[in-house]
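[1] From the sequence below, what's the structure:
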Amino acid sequence: MPLLKSSTAKNTASSAAFRLKGGLFPLTLLEISHYDRAEFEQQLQDKAAEAPIFFKQTPVVLSFEEFDGELSALPLSELVEICKTHGLLPVALRNSDAALQDEAKQISLAIMPVGRVKPIADNTASDTAPTATDEASAAPAAEHIGEINPNSSPSKIVTTPIRSGQQVYAPGGDLIIMASVSAGAEVLADGNIHIYGALRGRALAGVRGDTSARIFCQSLEAELVSIAGNFKVDEDLRKDHWKSAVHASLDEQTLCITPLV
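    Modelled structure (predicted):
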């Protein structure tokens, strides 16, 4: 009796099991200047206490470009475990030291080319702690919803609400949203961001380093606001002007939130 082949099996075999897509995802850059286990762990614990939501399974890139000390003596595995204990998930290393890169590969960390990631300064407290975004390497996985494409301007206009899980990016110009941005959504622009509704998700303006970029919204309820890498998370944003119309801009390296009048 001849063997019969299932058409379902054929379709499964011929269809691709996966596909690769470019994405634009902000990453935290943890720049480490020196390492003492007790000091590092205490400072990380203090920072996590200031912004507990931010320190929940947050992927980070470890950077040792400014490290003052012998990298050969650095217990990288120990440092990674401390980060994980406090809610940070190291996913990559940025450093040109070959021995450190070899150790990073052994614990399954990716190697990020030096100078490729732009640091983001944390303004959740008076001091600064860095993070990063790799905007230049990949096209964003953006939801093209309700867009108007004006030929005379590089601005992107979105007329519908941005739902949780969606990401909208305006390369080379401003992003104008004629509705609200839900919690869990992310909007990004190389220029300014204008939101004619509530901002409940994440807004990142000047993602390629434009420090003159600004963010405007009718109601500040954001999870994160960032300009040229300088950011604040909701724990800090709630202190002033919460659920008010605001304007966000940079003063030197400090992210300022002021009433929109």
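[2] Could you list the buried residues of stretch 58-65?
    By 16 or more other Cβ atoms under 10 Å, the buried positions in stretch 58-65 come out as 58, 60-64. Glycine gets a C-beta too; all of them are placed from N, C-alpha and C.
[3] how about JSON lines for the residues you listed, with pLDDT and secondary structure added?
    Compiled in JSON lines, the buried residues of stretch 58-65 are given as follows (pLDDT from 0 to 100; DSSP: H, G, I helix; E, B strand; the rest coil):
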{"residue": "58", "pLDDT": "84", "secondary structure": "strand"}
{"residue": "60", "pLDDT": "88", "secondary structure": "strand"}
{"residue": "61", "pLDDT": "90", "secondary structure": "strand"}
{"residue": "62", "pLDDT": "93", "secondary structure": "strand"}
{"residue": "63", "pLDDT": "89", "secondary structure": "strand"}
{"residue": "64", "pLDDT": "90", "secondary structure": "coil"}
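[4] Dump those residues to JSON lines, plus distance to residue 169.
    Formatted as JSON lines, those follow (distance: Cβ to Cβ, whole Å):
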{"residue": "58", "distance to residue 169": "21"}
{"residue": "60", "distance to residue 169": "22"}
{"residue": "61", "distance to residue 169": "20"}
{"residue": "62", "distance to residue 169": "26"}
{"residue": "63", "distance to residue 169": "24"}
{"residue": "64", "distance to residue 169": "30"}
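[5] Out of the residues you listed, flag the one nearest to residue 173.
    residue 61 (27.4 Å; Cβ to Cβ).
[6] Confirm that residue 81 sits in a helix.
    Yes - the assignment for residue 81 by DSSP: H, G, I helix; E, B strand; the rest coil puts it in a helix.
[7] ok, it - how many residues close by?
    12 (other Cβ atoms under 10 Å).
[8] quick one: it and residue 37, what's the gap?
    10 Å (Cβ to Cβ, to the nearest Å).
[9] hang on, the earlier thing: which one of the buried residues of stretch 58-65 is nearest residue 175?
    The closest of the buried residues of stretch 58-65 to residue 175 turns out to be residue 58 (Cβ to Cβ; 24.1 Å).
[10] Go ahead and confirm that closest one touches residue 86.
    No - between residue 58 and residue 86 there is no contact under Cβ atoms under 8 Å: 9.8 Å.
[11] Report all helices and strands that the host helix or strand of residue 255 contacts.
    Using DSSP states H and E, residue 255 sits within strand 254-259. Contacts defined by 3 or more Cβ pairs under 8 Å, 6 or more residues apart in numbering; DSSP states H and E place strand 254-259 against strand 224-227, strand 230-233, strand 246-251.
[12] just so I know, which of those lies nearest residue 43?
    strand 230-233 (17.5 Å).
[13] Counting neighbours, what do you get for the nearest residue in space to residue 234 that is not next to it in sequence?
    Nearest non-adjacent residue to residue 234, counting by Cβ to Cβ, 6 or more residues apart in numbering: residue 223, 5.3 Å away. When neighbours are defined as other Cβ under 10 Å, residue 223 has 19 of them.
[14] for stretch 17-32, how far is the first residue from the last?
    Using Cα to Cα, to the nearest Å, the end-to-end distance of stretch 17-32 comes to 39 Å.
[15] who's in contact with the residue lying closest to residue 260 once chain neighbours are set aside?
    Nearest non-adjacent residue to residue 260, counting by Cβ to Cβ, 6+ apart: residue 245, 4.0 Å away. Counting by Cβ atoms under 8 Å, 6 or more residues apart in numbering, residue 245 touches 217-220, 259-260.
[16] Take those residues and lay them out in JSON lines including neighbour count.
    Converted to JSON lines, the contacts of residue 245 look like this (neighbours: other Cβ atoms under 10 Å):
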{"residue": "217", "neighbour count": "26"}
{"residue": "218", "neighbour count": "16"}
{"residue": "219", "neighbour count": "17"}
{"residue": "220", "neighbour count": "27"}
{"residue": "259", "neighbour count": "11"}
{"residue": "260", "neighbour count": "14"}
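[17] Check those residues for the minimum pLDDT and say which it is.
    Confidence by pLDDT is poorest for residue 260 among the contacts of residue 245, given 87.
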